[in-house]
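Enquirer: kindly generate the corresponding structure for this input.
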Amino acid sequence: MSTIRLTMAQALLRFLDNQYISVDGEERKFVKGIMGIFGHGNVTGIGEALENDKGQLDFIQGKNEQGMAHAAMAFAKQNNRLEIFACTSSIGPGALNMVTAAGTATVNRIPVLFLPGDIFACRQPDPVLQQIEDPTDYTISANDAFKPVSRYWDRISRPEQLITAALQAMRVLTDPVDTGAVTLSLPQDVQCEAYDYPESFFTKRVHYMERRLPTVGALQRAKEAIQSTQRPLIIAGGGVHYSLATEELTAFAEKFGIPVTETQAGKSALPWNHPLYMGAIGVTGSLAANKLAKEADLVICIGTRLADFPTASKSAFQNPDVKFLSINVSSFDAMKLDSTILVADAKEALVALQRELEQSGYKAAHAAKNLQALKAEWDAEVDRLYSLEREDGLAQTRVLGELNSFLGKEDVIVCAAGSLPGDLHRVWRTEAPQTYHMEYGFSCMGYEVSGAFGVKLAHPHREVYSFVGDGSFLMLHSELLTSIQEGKKINVILLNNHGFQCIHNLQRGHGSNGFGNEFRFRSEDSGRLTGGYMPIDFSLIAQGLGVKAYAATTIDELRSALESAKKEESSTLIEIQVLPGTNTGDYESWWRVGVAEVSESEKVNQASGKLEQKLLEVKPY
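Expert: Numbering: from 1, shown residues only. Alright, predicted model coming up:
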């Protein structure tokens, strides 16, 4: 057996550089490169290997470990999980900074490879700088925190262990069912240790992402479930995009006259102006979608994990005879809501199911004029929100309308947290797939700017816009600098409403007068944060990073800023002052939030009573 002597870190890079993925006969390189921040736990191991590597892996210098990992996730998501970046950090705080991003990737079912440095396997210098010592279990390090948020976790305590660990990592990263965060903890001494690796370990390896076909029995059960209903409704989830099934979804809906709604991850699967498109569903849903959900006798769930927002905490579907059919590659997700299960690739399932239903002559009983009326009613409401005028400032929905009108058909928007996801899910009008990039599995504040950078890496020729609130921007915007360093222009649209206003609204909607959520000075009288708003100049912060920045307080100023920003070759930021509380409201939906059962506040007690009453009306499972 031929061997080559390499350090474990050198061998890892050479292995990653030779991994490929194949879907529908199309082969592509799977690992684009490494994002990293160096410290004593990885600089002389992976750092040395990267410096002297002769392969094709790109290296991108992160500015915050969580930020760069979010960028890696966004890159993989925008590439439909067919290409990834790995992320390396030092031990201790550098590694722990990535745990949130690992959770975000796993919740969203997005592949990201984490390579945190670890403490010495040999233990000779213990305890080293940044080492956590557990007196009950000395094998534990900071990297054990990755275990609950990783789909696969391993610690390479000997260089030869890399062979099996790397193959297991690739198994998970390329599996649409099991994918998510994969963590290989790399002790800093082992990274530098040499081993005679077999040359076969470094040969080109192709991972085939086979489309799972529906079984005959499952297909028959799905066909029977649809045939027995009159008013079916489709929920399109992220799996529609990952399966590249947007055309098949359109054909299926059109053939049988079934209206389509979308989750956050599924949005843009159907153009907003398609006659069967009824908009977002659930807590952040449209009036049309939520009205249809209440009457549906069958809900066809395609590629969605059915979290509480699409189901409105399981209150959206009020027909006493409602049934569910779930098409998903994951049986874990497919069985939710006691669904009829069709475990299969979304594209293959839709094609096969359409063929079966065509033979029986099935047609949904939705009256076309009723669907048209619902859609027209909702489109008129969006038009109203988009044109809303206020004498005291800019309404958030008015700003979104202007942005939606300005952006091009292929431009991509990125968002994750605050009040913007609800508004965008409801009112943003998409015309092309993959132009709406929302991280809403974790709704992780701070994802927006980093995510936009990752999307730009995936689609360098598209204009990419990060939609972010002031609170989320303050949490994390480190990779804005990286976008300049890499020459990857992103446009940050910062809506400044003076705090965490989404949660402020939620708080006040459940009995509170508002506490701790606005960016105000502490009042000498009350001792609380009830003074004036803090004057934060976000455009000045951006300018300090070398970003071309603009500020807008009127629609004319916003239009001018958008035109100027589009002409820039490097990253831009537009700070827009918006009025707090001018986001969209609920449209016949409900979201369960825990309310204190007893309180000094009578308003809280009243809110608690309303919750108890509501819980009597919804299913307990």
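
Enquirer: any idea what sits nearest the residue lying farthest from the centre of the chain, other than its immediate chain neighbours?
Expert: Distance to the chain centre peaks in the chain at Met1, reaching 44.7 Å (criterion: CA atoms, centre = their mean). Nearest residue to Met1 in three dimensions, chain neighbours excluded: Pro198, at 5.4 Å (CB to CB, 6 or more residues apart in numbering). In short, each C-beta sits where N, CA and C put it, glycine included.

Enquirer: Lys223 now?
Expert: What sits nearest to Lys223 in space, not counting adjacent residues and going by CB to CB, 6+ apart, is Glu356, at 4.6 Å.

Enquirer: for Gln485, same thing?
Expert: The shortest distance from Gln485 to any non-neighbouring residue, by CB to CB, 6+ apart, is to Gln61 (6.9 Å).

Enquirer: next one: Leu115
Expert: Thr88 (4.2 Å).

Enquirer: what's the pLDDT at the one you found?
Expert: On the pLDDT scale, Thr88 is placed at 98.

Enquirer: which residues are in contact with it?
Expert: Listed by CB atoms under 8 Å, 6 or more residues apart in numbering, the contact set of Thr88 reads Ile34, Met35, Gly36, Ile37, Asn42, Ile46, Leu115, Pro116, Gly117.

Enquirer: same thing with Ser268?
Expert: Contacts for Ser268 (CB under 8 Å, 6+ apart) come out as His241, Glu262, Thr430, Ala432, Pro433, Gln434, Thr435, Tyr436.

Enquirer: can we see that at 10 Å?
Expert: By CB atoms under 10 Å, 6 or more residues apart in numbering, the residues touching Ser268 are 236, 240-241, 246, 262, 412-413, 428-438.

Enquirer: again with Ser150
Expert: Residues near Ser150 by CB under 10 Å, 6+ apart: 99, 102-103, 105-106, 112, 114, 143, 172, 180-184.

Enquirer: so Arg5 sits right up against Pro198, yeah?
Expert: No - the pair Arg5 and Pro198 fails to qualify as a contact (CB atoms under 10 Å) at a distance of 11.4 Å.

Enquirer: picking up where we left off before, and the contacts of Thr88, which is closest to Glu617?
Expert: Taking CB to CB as the measure, Pro116 is the one of the contacts of Thr88 closest to Glu617, at 46.8 Å.

Enquirer: circling back to that earlier point, including neighbour count, could the contacts of Thr88 go into TSV?
Expert: Listed next are these as TSV, based on neighbours: other CB atoms under 10 Å:
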residue	neighbour count
Ile34	25
Met35	28
Gly36	25
Ile37	21
Asn42	28
Ile46	31
Leu115	29
Pro116	29
Gly117	30
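
Enquirer: quick check: mean pLDDT across the longest helix seen in the chain?
Expert: The single longest helix within the chain, with elements called by DSSP state H, is helix 368-386. For helix 368-386, the mean per-residue pLDDT is 97.

Enquirer: what residues of that helix count as buried?
Expert: Leu371, Leu374, Lys375, Trp378, Asp379, Glu381, Val382, Leu385, Tyr386 (16 or more other CB atoms under 10 Å).

Enquirer: now do stretch 25-41
Expert: Of the residues in stretch 25-41, Phe30, Val31, Lys32, Gly33, Ile34, Met35, Gly36, Ile37, Phe38, Gly39, Gly41 count as buried by neighbour count, 16+ other CB under 10 Å.

Enquirer: go on, stretch 141-159?
Expert: By neighbour count with 16+ other CB under 10 Å, stretch 141-159 contains the buried residues 141-146, 149-156, 159.

Enquirer: helices along the stretch 201-350 of the chain, start to end?
Expert: 216-227, 238-242, 246-256, 287-295, 331-334, 346-360 (DSSP state H, counting those that start in this stretch).

Enquirer: now do the longest one against helix 216-227, angle only.
Expert: Interaxial angle of helix 346-360 relative to helix 216-227 (axes from the mean of the first three to the mean of the last three CA atoms, to 10 degrees): 60 degrees.

Enquirer: which of the residues in helix 346-360 are buried?
Expert: Ala346, Lys347, Glu348, Ala349, Leu350, Val351, Ala352, Leu353, Gln354, Glu356, Leu357.

Enquirer: again, but for the first one
Expert: Buried residues in helix 216-227, counted by 16+ other CB under 10 Å: Ala218, Leu219, Ala222, Lys223, Ala225, Ile226.

Enquirer: out of these, who's nearest Asn52?
Expert: Closest to Asn52, out of all of the buried residues of helix 216-227 and judged by CB to CB, is Ala218, at 51.9 Å.

Enquirer: quick check: the farthest pair among the buried residues of stretch 141-159?
Expert: Val149 and Pro159 (26.3 Å).

Enquirer: right, and Glu381 touches Ser387 too?
Expert: No - with contact defined as CB under 10 Å, Glu381 does not reach Ser387; the gap is 11.1 Å.

Enquirer: burial of Val547, as a residue count?
Expert: Neighbour count for Val547, taken as other CB atoms under 10 Å: 22.

Enquirer: what pLDDT does the model give it?
Expert: pLDDT for Val547: 97.

Enquirer: that one contacts Gln485, correct?
Expert: No - contact status for Val547 versus Gln485: not in contact, 11.8 Å apart, counting by CB under 10 Å.

Enquirer: the most centrally placed residue in the chain: what's it in contact with?
Expert: With distances taken as CA atoms, centre = their mean, Glu439 lies nearest the centre of the chain, 2.2 Å away. Glu439 sits next to 70, 73-74, 77, 104-105, 107-108, 110, 264-265, 414-417, 421, 447-448, 450-451 when contact means CB under 10 Å, 6+ apart.

Enquirer: among those, which lie within strands?
Expert: Residues from those lying in strands, with DSSP state E as the criterion: Val414, Cys415.
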